[in-house]
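K.L.:
return a 3D structure for these sequence lines:
(one chain, ligands or ions: 1)
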Amino acid sequence: MLDRSGGDWRICGVSCRSAAVHDQLAPQDCLYTVAERSVSGTRLRLVQAMAEVLVAPQNPAAVIAAIARPATHLITLTVTEKGYCRDPATGRLDSRHADILHDLQNPSNPRSAPGLLVAGLRARHQNGVAAPTILCCDNLPQNGAAVRAVVVELARRLDPHLADWLEGNATFPSSMVDRIVPATTPDDITQAEQQLGVRDLALVVTEPFTQWVIEDRFAGPRPPLELAGAQWVDDIRPFELAKLRLLNGSHSTLAYLGLALGYRFVHEAMADQDLRTLVEQLMRDELAPTLAPAAGLDPRNYQRRILERFGNSALPYPLSQIAMDGSQKLPQRLLAPLQERLANGRSAPLAVLVIAAWILYCAGLGRSEPYKVDDPLATRFREIAQRAGGSAAGLVAGFLDCSGVFGAELAAAAGFRRQLTTVTTQLMQHGVRAGVRARPGETTHG
Ligand code: CS2
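P.N.:
Model (predicted):
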């Protein structure tokens, strides 16, 4: 965008956790390379949009001041699903979350992303600076409304005037961002160094594909992001549902089934004919039928592109990166479409198969080699597995009890519980390969 428009928009990056990105970028004047990799080659681009990087745990006051600055017009967030400290089933602020408890006690020295935002917005309000646009870029449905809910709720607990001001003046457009970005490895840096002639510690490796669809509701000035391909829309829903269900739902499918079959990367799992066919069938028969038609979105083409992108062997994408935080991801990716199908008297046996594989993964039974379950509910999952003592029915009952994941309606659906128990038992007895090969088609069940 800056290449095409010039102008003085710049990015102040904030890390809510580690100092790694700051330590990589600061010594190189915040310049970094983006390497777009495909089987036909690598394209390198230097990005000069970043002006500074702050590390919240080292200096929360600097982050609060940056949010409050009159020159700050747009605050984008990419903090992963769990970074919003919300209950995925209700969408409300998780007021028992350790970071939220901390931030309620220490509002001017916050730790969480919502806490930092509220502190910065409070300073902004006190200084009489206009309310900004807060733009969520994470994989959550209605992600703008999701952030608004937690920010306004936290603000209301601390300062009701601030909450009213935010509700009336700040905007929280939803957006859908799509680009596959595996964590950069030391090998990536060495490989790029051969092409670049310099060692870029802040290198970002990605695919050629990129998409950013944004609701056009800005509180103040709006950067001309359309110059770099962003699309402005009135309603994000059709775009986000297509992405969360078809792309992210297929990703999670490949992660839990692929890891169980001994694969490490998405493109390896995609080269397995059984898995590929299963993902195609899941998208076509169970997920795509839950989507509303949208202008400019051809479902067949969209599915074909996803398969192509997942096959990109020039961009190894670890299945374990996708498998983490499943309790925060599965609700919007697979459980919501499954529940909609059940409500319409249909079934979704492939989605059920993936949920069973996810349960086994979280119970520590999902890979032949030892692995760590990386999930905010990992301790709870371990306890459920211990209590179940190898019984599929016990596992399913324990997982369905996690109300933040399944929600009351799905947990109470007797037919779903039965089917999930049967499939989990089959996977435990006959293995994932047999389950994937069987590729159950639609059945009706009550
Ligand atoms: C992935 C996403 O890690 C995951 O769960 O499904 O990060 C995915 O790569 C991006 O949403 C692609 O846009």
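K.L.:
okay, and the helix or strand of this structure with the least pLDDT?
P.N.:
helix 403-412 (a mean of 91; mean pLDDT, DSSP states H and E).
K.L.:
show me what counts as buried in it.
P.N.:
Burial within helix 403-412, assessed by neighbour count using 16 or more other CB atoms under 10 Å, is assigned to 404-407, 410-411. C-beta: built from backbone N, CA, C; applies to glycine.
K.L.:
quick one: which of the residues you listed is nearest the ligand?
P.N.:
Distance to the ligand across these (CB to the nearest ligand atom) is lowest for V405, with 15.3 Å.
K.L.:
so what's the residue count around A348?
P.N.:
26 (other CB atoms under 10 Å).
K.L.:
buried sites along stretch 364-374?
P.N.:
364-367, 373.
K.L.:
list the contacts of the residue in the stretch 151-300 of the chain positioned nearest to the ligand.
P.N.:
Proximity to the ligand, evaluated over the stretch 151-300 of the chain using CB to the nearest ligand atom, is greatest for H251 at 3.6 Å. By CB atoms under 8 Å, 6 or more residues apart in numbering, H251 lies in contact with 266, 310, 322, 333.
K.L.:
now a ChimeraX select for only the buried ones of the residues you listed.
P.N.:
To isolate the buried members of these in ChimeraX, using 16+ other CB under 10 Å:
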select :266,310,322,333
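K.L.:
I'd like to know which of the contacts of H251 are part of helices.
P.N.:
266, 310, 322 (DSSP state H).
K.L.:
quick check: the last one touching A255?
P.N.:
Yes. With contact taken as CB atoms under 8 Å, I322 and A255 are classed as touching, separated by 4.1 Å.
K.L.:
what number of residues lie near L307?
P.N.:
Neighbour tally, L307, other CB under 10 Å: 14.
K.L.:
that one against V279, yeah?
P.N.:
Yes. Contact criterion CB under 8 Å: L307 and V279 qualify, at 7.3 Å.
K.L.:
quickly list what's touching both of these two.
P.N.:
Looking at what touches both L307 and V279 (by CB under 8 Å, 6+ apart), the common residues are M270.
K.L.:
between the ones in helices among the contacts of H251, which is nearest G13?
P.N.:
Of all the ones in helices among the contacts of H251, I322 has the smallest distance to G13: 24.1 Å, by CB to CB.
K.L.:
which parts of the chain sit against the ligand?
P.N.:
Contact residues (CB under 6 Å from any ligand atom) of the chain with the ligand: 139, 178-180, 248, 251, 321-322, 329.
K.L.:
sort out which of those are buried, if you could.
P.N.:
139, 178, 180, 248, 251, 322, 329.
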